[in-house]
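Give me a model of this one.
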Amino acid sequence: MVGPEGYDPFWDDVFHRGRAHYFDRQTNPISFRRWVELHGGLGPEELKVVKQETVGDLLFVSTVFLGIDMSWFGPPMIFETMVFAAPLDDEPRLMDVEDLEQTRYSTEAEAEAGHREMVRRAKEWLAANAVTEETLRRLLEAE
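Have a look, this model is predicted:
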C-alpha cells in the first residue's frame, strides 16, 4: 500500500468493477480514502446521524448515513433506519438492543421520510399490541 500522500487504487479509485461503493451525504461517489476520513471514527457523530428517537420508552428508532452502498444492484442504498428494543434495564443501549426492523434508502430525503414512517409504525404497533416492558421482554426472549 502506498503512503497517505501517494496514489493507491484501493484507497483512491472511486469506481471498483464499474460501480461506486462509497458516497458522501449528497450521494456523490467518493474514494475509500475519503470515506474513511468521513466515517473512520474521526468524523463528527452529527455527520452520521440523520435522526434518532425513543418511541414509548420501549423502542428506539435510529436513521443514519452509512456512506457505503449496501445494495447489490439498483440505486446505491447509503442511509439506513433500524428499530431496536430500547434498554430494559440500566445497561448501556448498545449492550442491550435487539434489531427489530431495518430499511435502507438512497437519499437523505427518503431516509427522513422513512424514519417518520418507521416511528409511526412503531407507535401503531405498541398501541395495537398493548406492549409493555414485560411483554416486550417476553417477545425478545421467545426469538
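
List the buried residues for stretch 49-69?
For stretch 49-69, the neighbour count (16 or more other CB atoms under 10 Å) marks 50, 54-55, 58-67, 69 as buried. No exception for glycine: its C-beta is placed from N, CA and C like everyone else's.

and what of stretch 28-36?
Applying a neighbour-count criterion of 16+ other CB under 10 Å, one finds 30, 31, 32, 33, 34, 35 buried in stretch 28-36.

Take those residues and write them to TSV, including distance to residue 106 and pLDDT.
Shown next, in TSV, are the buried residues of stretch 28-36 (distance: CB to CB, whole Å; pLDDT from 0 to 100):
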residue	distance to residue 106	pLDDT
30	15	89
31	20	87
32	20	84
33	23	83
34	19	85
35	17	84
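
Keep only those of those that are in helices.
Mapping these onto helices (DSSP state H) picks out 32, 33, 34, 35.

Surely residue 104 touches residue 72?
No. Between residue 104 and residue 72 there is no contact under CB atoms under 8 Å: 11.7 Å.

who's more crowded, these two?
residue 104 (18 against 7; other CB atoms under 10 Å).
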